[in-house]
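Visitor: got a predicted model here, sequence first, then my questions.
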Amino acid sequence: MNDNQKDIYNLLTDIERYFMQQEELFGNLIYPEKSAVAKILENEVIEDWQKSGTLDELNSKISSCVKCSLGSTRTNFVFGVGNPNAKVMFIGEAPGVDEDAQGEPFVGRAGQLLNKILAAVNLKREEVYICNILKCRPPQNRDPLATEMETCTPYLEKQIELIKPQFIICLGRIAAQWLLQTNDTLTRLREKVHKYRDTKLIITYHPAALLRNPNWKRPAWEDMKMFRKLYNELNNINNL
Ligand code: URA
C-alpha cells in the first residue's frame, strides 16, 4: 500500500465507523426521509384490479372478493350487465334473492319493471349498463351497511371510469345518497340534474318501491321523461 492508498483506506474506515456509531445511536432514523417515502408508498399500494383496462378484466379480478362478510354469504357475485360503452348507467342498491341466484342485476320482479321503464323511454337493456352499489346480496335484503358500501364502491367507481357514461340514473335513495355523499331525502334529490364527477346524474324511484307503491309510477315517469329529453338534446336526437 502506498501513502495515497493508506490515506484513502483510513478515510473509508473513518466513514464506516461514523455510520456504525450513527446507526447505534439512531437505528433506522438516520435515514428519516427514506422511511417517510416508504410510508407514503405503503399507503398507496395500487391493487392489481385497479389497473384493469376492460370490464371483463375487472370482473375476473374482483369476482372472488371477500373484503366484506357478504363475500361468504353470497351465492354469486353480481358484477353488472350491459353495453361496456353505454351512454346510460342504471345503478340500484344491491342484488336480491333472484340476482344472487343468477349472478345478474335486476332479473327479478323489480328487474322486469325496470325493463318496462327502459322500453318506455326507447332504450333496450342491452344498450345500457345496469349494476348496483353492492355486488353481493345483503342477508334478508337488509339495507347495505356503510362499511359494505365503503369497501365495495371502489369497484363501481372503476366501472364508471371504464364505461364513461353520459348519464347515471340512480334507482332509489341508497344509490343516490352514496354517489352524491348526502343524507338528503329522495324527494329533495329528485327532479334535478346532479353531477357525479363529469357525469350527469338523475335520481328516480327504485322499481321495487314502485311495485310497493304504484302512486309513485307517475312521478317516476316524469323523471324518465326529463332524462330522455336531456339525452335527446345531448345526442341530437329529434324523433324519439
Ligand atoms: N334491487 C336492486 O337494487 N338491485 C337488483 O339488482 C335487484 C333488486
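Guide: It's in.

Visitor: kindly export the longest helix belonging to the chain (C-alpha atoms) in CSV.
Guide: Identified as the longest helix of the chain according to DSSP state H is helix 3-26. Below are the C-alpha coordinates for helix 3-26, written out as CSV (Å, rounded to 0.1, in the frame of the first residue of the first chain):
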residue,chain,number,x,y,z
ASP,A,3,0.8,6.6,1.1
ASN,A,4,-2.1,7.7,-1.1
GLN,A,5,-3.8,4.3,-0.8
LYS,A,6,-3.3,4.4,3.0
ASP,A,7,-4.9,7.8,3.2
ILE,A,8,-8.0,6.6,1.3
TYR,A,9,-8.1,3.4,3.4
ASN,A,10,-8.1,5.5,6.6
LEU,A,11,-10.7,7.9,5.3
LEU,A,12,-13.1,5.0,4.4
THR,A,13,-12.5,3.4,7.8
ASP,A,14,-13.4,6.7,9.5
ILE,A,15,-16.6,7.0,7.4
GLU,A,16,-17.6,3.4,8.1
ARG,A,17,-17.0,4.0,11.9
TYR,A,18,-19.1,7.2,11.7
PHE,A,19,-22.0,5.4,10.1
MET,A,20,-21.8,2.5,12.6
GLN,A,21,-21.9,4.9,15.5
GLN,A,22,-24.9,6.8,14.0
GLU,A,23,-26.7,3.5,13.4
GLU,A,24,-26.0,2.5,17.1
LEU,A,25,-27.3,5.9,18.3
PHE,A,26,-30.3,6.4,16.0
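
Visitor: so which residues make contact with the helix or strand containing residue 150?
Guide: Using DSSP states H and E, residue 150 sits in helix 146-163. Helix 146-163 is contacted by residues 49-50, 52-55, 58, 62, 65, 67-68, 70, 80, 84-86, 89, 91, 129, 131-136, 138, 168, 178, 196-197, 199 when judged by C-beta atoms under 8 Å, 6 or more residues apart in numbering. All C-beta spots, glycine's among them, are computed from the backbone N, C-alpha and C.

Visitor: all good on my end, thank you.
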